[in-house]
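Engineer: coords below, sequence missing:
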């Protein structure tokens, strides 16, 4: 398995902090000022990277109202055509160099999802450091090969993919000599129900494809991303919006700044808590062992008197003999007078 991928100077893998990506998507509502404010808020909320989407309605579909192009699959976007949806959601390309510059000035990594070859060429011109392949493009193997040929890290989202689709997409990258691959467990439902996420797939994807694996999350809230980290996700991508009241196609499953900040904080705490697989006593645990149980004299005992269940007990703190010796002491005799509250020691036993 490849131990890590590298985007600019950031290493992403098992032994590195989780790479947290804030997805801008359509949450600018096609206002540049909103996009800029959103990127600044992403930085303040603790994101490592901002991800854009690079398409126009004409590069991703055609303007047709035939039934094939109508959205009627029980989604929040039903009643519109694909063209209408993407026209309302795309990020103008002329913004993207400026947004990338703003993000990088804030020390954020900025990359994008291209949806056709012209978008890849555009993103090459502005020198993005990595690419993401969206879930609905994972079957577009010629596009994936073209992306992989740029020899930059490729993050593949798997929201509609069968295992065969994933294998084909990974092979398409390998075919171009690109081994810098990460897979994102994803469920392409908007919003997604936690019952449909199947986070236990994450370690299976690691085992089967020997790549870095992360999560692209469309659930409401932060529970699923944090649980994903516990199961080995090394990338977390979540949609970000300044305020859900702004509306827009992705608003309902996007996190507001304070929610995103809480997610980042909780993920970092979870990472700290996961530690490593070596069982060991921490410094704090060692210190607390003074409060463990041990054997004490609990009634005054005269020299020569027999230890019994009434005059010695296993109690806190831990200054006396280990409780494992309790049965061996019962019936033995004291070598001298012992006062109540004295920790037992073999020197006191005849």
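Structural biologist: Received the coordinates, thanks. Values in this document were obtained by computation on a predicted structure and should not be read as measured data. Numbers count the residues shown, from 1 in each chain.
Engineer: chain center to stretch 277-284: distance?
Structural biologist: Counting by Cα atoms, centre = their mean, to the nearest Å, stretch 277-284 is centred 24 Å from the centre of its parent chain.
Engineer: in that stretch, what's buried?
Structural biologist: For stretch 277-284, a neighbour-count test (16 or more other Cβ atoms under 10 Å) marks nothing as buried. Using the backbone N, CA and C atoms, a C-beta is placed for each residue, glycine as well.
Engineer: so how far is the first residue of it from its last?
Structural biologist: Using Cα to Cα, to the nearest Å, the end-to-end distance of stretch 277-284 comes to 18 Å.
Engineer: average pLDDT across it?
Structural biologist: Averaging pLDDT along stretch 277-284 yields 88.
Engineer: Thought residue 293 was touching residue 323, still the case?
Structural biologist: Yes: judged on Cβ atoms under 8 Å, residue 323 makes contact with residue 293 at a distance of 5.5 Å.
Engineer: got any residues that touch both of these two?
Structural biologist: Common neighbours of residue 323 and residue 293, using Cβ atoms under 8 Å, 6 or more residues apart in numbering, are residue 314.
Engineer: Just the pLDDT at residue 333, thanks.
Structural biologist: 97.
Engineer: Name the nearest residue to it, ignoring sequence neighbours.
Structural biologist: residue 350 (4.3 Å; Cβ to Cβ, 6 or more residues apart in numbering).
Engineer: got it, and residue 300?
Structural biologist: Using Cβ to Cβ, 6+ apart, the nearest residue to residue 300 is residue 340, at 5.2 Å.
Engineer: tell me, how many neighbours does the one you found end up with?
Structural biologist: Neighbours of residue 340 under the rule other Cβ atoms under 10 Å: 11.
Engineer: how about it, what does it touch?
Structural biologist: With Cβ under 8 Å, 6+ apart, residue 340 has these contacts: 297, 298, 299, 300.
Engineer: any idea which of those is closest to residue 77?
Structural biologist: residue 298 (73.2 Å; Cβ to Cβ).
Engineer: Quick check: phi and psi at that closest one.
Structural biologist: Backbone geometry at residue 298, expressed as degrees, to the nearest 10, gives phi -110, psi 0.
Engineer: Surely it and residue 308 touch.
Structural biologist: No: counting by Cβ under 8 Å, residue 298 sits too far from residue 308 to count as a contact (10.7 Å).
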